[in-house]
Every structure is written in C-alpha cells, then in structure tokens.
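J.: Requesting a structural model of the entry that follows:
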Amino acid sequence: MTDKGKQADTSETVGTNDDQSAFSAVMPVIADLLEVGTRAFALGNWEEAIENFGELSSITEQTFGSESQRYADCLVMYGRALLQHAIEQNALLAQKALADAATGNTAKEEDQDAAPSKANINFEGEPDFREVEGFDQTAADSGMEESSSSKGKQPDTGVVGNEEEVEEEEEQDDFAAAWDILDLARVIQEKESDSKTRLKYAETLMLLGDVSMESENFAQAVNDFNAALNVKLQYLDDDNRELAELYYKVALAHEYNNDTAKALDLMKDVQRILGNRLKNLEMSDKPEDKEDATSLKEVLEDVAAKVEEWKSPPKPVDLSAMTPEESAVAERAKLIFKQAMESGNIKDISNLVKPNKKRTEAEQADANGKSDAADVDSKRAKGNGKE
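T.: Down below sits the predicted model:
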C-alpha cells in the first residue's frame, strides 16, 4: 500500500513531458552508479564505493523521496561501505603500531596524544555461517560530494606532515557516519510491514550491531543483534544459517561484554540450528547439498572450538620466559595500546562526512508526534558514543 502510494506521488512529480524526460534521463545514471559502486565494493575498493554510493543516494533521494525504500537501500549500501572502510583503516593503523613497536620506533609525544580513543577490534577468523555472503541491496546515502570536497581541503586545515593523525580521524569519523546513516535507513525501513522490507530492516540492525562491536559498545551491539534476531525468527526456518549467525553475533557481543555464561548459553542455539541444518542436508539426494553438509561440519567444528575457548580463559603471558628483545617489544606494544585506549584527544572532523540534513530534520519532525520512537532514537545516539 505504501509503495503504491509513493509510486503515485512519483507519477505526479514527473507528470509533465519535461519532468518525464528528466526522470528517464536520470535512470541510466542511477544504474551506472549502482554498477560501479557494487563492483568497487566487491573488489574491496571502499573509497570508490563510498563515492559512487554517495552520489547515487543523493540522486535517489531527489528522485524517489527521502521516505522511499529505494533511498533506505542506498543508505544501507553507503553505511556498509563506510563501515568496511573504517575497519580497513583501523587494521592498517594497528599494523603500523605493531611495526613501530617491533622496530623500536617511538612516536613523538604530540603524535601519541593523537592516538584513537578506542582500540577498535577486528572480528576476523570467526565461523562463516552463510553459504553465500549476500550483497543484493540497492545503493547508498547522500552527502559524499560534500564529503569529497571537504577531504580535498584537508591540506588547508593546518595539519602539516601528520598523515597518520588524519587517517585516525577519518577512521573514527567513518564509524560515526556509518552509524548515523544506517540508523536513518532503520527508521525508514521499520515503518513497513511486508516481509521483504522487514528482513532488510533486520540486516540493517545487524550492521548497526557490527558498528557497535567495532566501536567497543558491546551493550548496544547486544541490543541491535537481539532486535535483528527477533525479526528474523518471524520469517526464517529453524534450520536457517542466518539465524545461527545472529545467535552467534549476540553470543559474541555478550562475551566481549564480560558475560561469558550468557554467551555460552546462546552458543547452544547456534549448535542446535546448525545441527538441524546438517541433518536436513544429509537427508537430501542433491549433490550440492552433500557439499554443503561437508562445509557445515567444518563450521560446527569451529563453533565447538570457540565454545571451548570461551570456557577456558586465556593464560597470561609469562614475560620472564621471553628473551630480553622479545620482552622489550612486548612492553613497547603494551605501552602503545595503553595510550590508544586512554587517549581522548581526537580532533573532531565530523564535517567530513555528514548524514543528509534534510532527512534528519524530517525524521525529527516525524518523531515529535511519536514519543516512544524519539526515546529509542535518543538511546541509540547515546549508545553510539559520539562526542
């Protein structure tokens, strides 16, 4: 009903011949930006993906409206690209810190003060629950033209010869921007009740949880992953690997939030779902199902190993058993990560990537009549930990 209503509004907008011609002219541009952005994302070229999805989302909002599901799809694609870019930059900074520790290079005091306030965590090497990693959403968010323009002016900000500090600021800003953009998509998607949009809504909640995990806001990650799980439980079969993935994400968030008992309890659901899936695959005569069963057994082994890992806390490293050189490297690494955790001197460059202002104001106007929704959005903003 809602989509049909929006289509009627679009037909009114492009009712004249001139408007219809303009609408027809913009569709190839949208298709081209989507294709280039999707290809860049698949190749891990996050900056190119951000640029194309940003421009695409701006055009999509102007063409279909800031309340359209097409625009929400754009926000999700844009937010996803920002998140991946931030994760990659964070990993590069961590590698550089370790390399500096290993070579004995010490940063100047002013450079150390510019260390990130949180040692964001990369959650790699975890069990792969999905048979095929999906990437079928439609596009991204607006504002990248403004972002690209701002980034182009960085040399005029007075920061000379300190590329590492700029990289740290961009990484932090990408996490914050990814949260804002994905949350806007969430607000648009949660208004619809059809199953397709509800499942997209659950995927957006999962991405918000991923942002919170990378930002070490584990309590908020638990909330977002649980919300996504509650939605998917309504539409997916009990042996669906996506449910196992979500149960695992909730368990992982609890583990990092120092609630190992709850995490281990949730892992039982992960093993139950995967066990049901394996049983159904083994009963099938299809060759592809046999192959899936083999890979699923490996996933179950990974899950079992993770359970044992959580049951047995890691043993402390015995520094006395190290050589003097190894001990010195370990101490330097500890110092660097301590400074990264404790430092709060992060320059605010939130002007580099902004959520669409017009969309934010519209969301606020809608929230004025819905106090409950406003409370939820307020909690989410606080949960993101932005300053």
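J.: When you work out contacts or count neighbours from here on, use the C-alpha atoms and nothing else.
T.: Noted.
J.: what about stretch 28-45, average pLDDT?
T.: The average pLDDT for stretch 28-45 rounds to 95.
J.: What strand or helix carries residue 313?
T.: Using DSSP states H and E, residue 313 is not contained in any helix or strand.
J.: From here on, call the first residue 49.
T.: Okay, using 49 as the starting number, the last item reads as residue 361.
J.: what does the model give it for pLDDT?
T.: pLDDT, residue 361: 70.
J.: That one: neighbouring residues, count only.
T.: For residue 361, the count of nearby residues is 8 (other CA atoms under 10 Å).
J.: Would you mind measuring from it to residue 303?
T.: Using CA to CA, to the nearest Å, residue 361 is found at 11 Å from residue 303.
J.: now residue 257
T.: Taking CA to CA, one finds residue 257 at 14 Å from residue 303.
J.: Neighbour count for the two, which is higher?
T.: Neighbour tally, residue 257 and residue 303, criterion other CA under 10 Å: the higher count belongs to residue 257, 28 against 17.
J.: which residues sit in contact with the more buried one?
T.: 268, 269, 270, 271, 272, 273 (CA atoms under 8 Å, 6 or more residues apart in numbering).
J.: hmm, try it at 10 Å
T.: 227, 251, 263, 265-276, 297-298, 301 (CA atoms under 10 Å, 6 or more residues apart in numbering).
J.: Pull out the buried residues from the strand or helix carrying it.
T.: If you go by DSSP H and E, residue 257 is part of helix 243-262. For helix 243-262, the buried set under the neighbour-count rule, 16 or more other CA atoms under 10 Å, comprises 245-262.
J.: try stretch 129-138
T.: 129, 130, 131, 132, 133, 134, 135, 136, 137, 138.
J.: one step back: if you average pLDDT over the helix holding residue 257, what comes out?
T.: Here helix 243-262 scores 96 as its mean pLDDT.
J.: next SSE after that helix?
T.: Toward the C-terminus, helix 243-262 is succeeded by helix 266-280 as the next helix or strand (DSSP H and E).
J.: ok, back up a step: which of the buried residues of stretch 129-138 fall within helices?
T.: Using DSSP state H to define helices, the subset of those located there is 129, 130, 131, 132, 133, 134, 135, 136, 137, 138.
J.: In TSV, list those along with distance to residue 291 and pLDDT.
T.: Below are those laid out as TSV (distance: CA to CA, whole Å; pLDDT from 0 to 100):
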residue	distance to residue 291	pLDDT
129	24	95
130	25	94
131	22	94
132	23	94
133	26	93
134	26	91
135	24	91
136	27	91
137	30	86
138	29	83
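J.: and the residues you listed as CSV, adding distance to residue 352?
T.: Formatted as CSV, these follow (distance: CA to CA, whole Å):
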residue, distance to residue 352
129, 32
130, 33
131, 29
132, 28
133, 31
134, 31
135, 27
136, 29
137, 31
138, 29
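J.: Just name the closest of these to residue 309, please.
T.: Proximity of these to residue 309 (CA to CA) peaks at residue 135, which lies at 28.4 Å.
J.: can I assume the closest one is in contact with residue 92?
T.: No. In this structure, residue 135 is not within contact of residue 92 by CA atoms under 10 Å, at 11.6 Å.
J.: Identify the contacts common to these two.
T.: Contacts common to residue 135 and residue 92, judged by CA under 10 Å, 6+ apart, are residue 129.
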